[in-house]
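Trainee: Let me see the structure of the following:
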Amino acid sequence: KELLEEQSSDPRYMTSPWADWSPCNVKCGNRLRTRTRIYKNADHHGCNERLSESEMCYARTDDNCDDEHQQVALCTVTD
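Mentor: Residues are numbered from 1 along each chain as shown. Presented below is the predicted three-dimensional model:
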């Protein structure tokens, strides 16, 4: 959830820094990784939802990775 420009300086909407990215636990191909942060005054202001960001990460740490596997990983979508 994105904060509106005018909310970003309002103390009710101040957030913690982003946590570290989750590990890219994959030997070959792509995977979604995430990081989160929270509202600093969550309980007092009723903003107790977690904020998160996601991005694709890529790994090729296994010598047995092949181009065909990479193409499949790029095209896989899950709900």
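
Trainee: Can you report how many residues neighbour residue 59?
Mentor: Counted by other CB atoms under 10 Å, the residues lying close to residue 59 total 16. Bear in mind the C-beta positions are built from the backbone N, C-alpha and C, glycine included.

Trainee: What residues does it make contact with?
Mentor: By CB atoms under 8 Å, 6 or more residues apart in numbering, residue 59 lies in contact with 24, 26-29, 31.

Trainee: Now, those that are in strands?
Mentor: Among the contacts of residue 59, the residues falling in strands (DSSP state E) are 28-29, 31.

Trainee: mind listing the helices in this protein by residue range?
Mentor: Assigned by DSSP state H, the helices in the chain fall at 42-45, 67-75.

Trainee: The residue nearest to residue 64 when sequence neighbours are not counted pairs with what?
Mentor: Ranked by CB to CB, 6 or more residues apart in numbering and with sequence neighbours excluded, the top spatial neighbour of residue 64 is residue 28, at 7.6 Å. Listed by DSSP bridges, the beta-bridge partners for residue 28 are residue 60.

Trainee: My understanding was that residue 28 contacts residue 60; is that so?
Mentor: Yes: with contacts counted by CB atoms under 8 Å, residue 28 reaches residue 60, the gap being 6.0 Å.

Trainee: Just want to know which of these two has more residues nearby.
Mentor: residue 28 (18 against 13).

Trainee: Which pLDDT value goes with that one?
Mentor: What the model reports as pLDDT for residue 28 is 79.

Trainee: Residue 21 and residue 40, how far apart?
Mentor: Distance, residue 21 to residue 40, using CB to CB, to the nearest Å: 21 Å.
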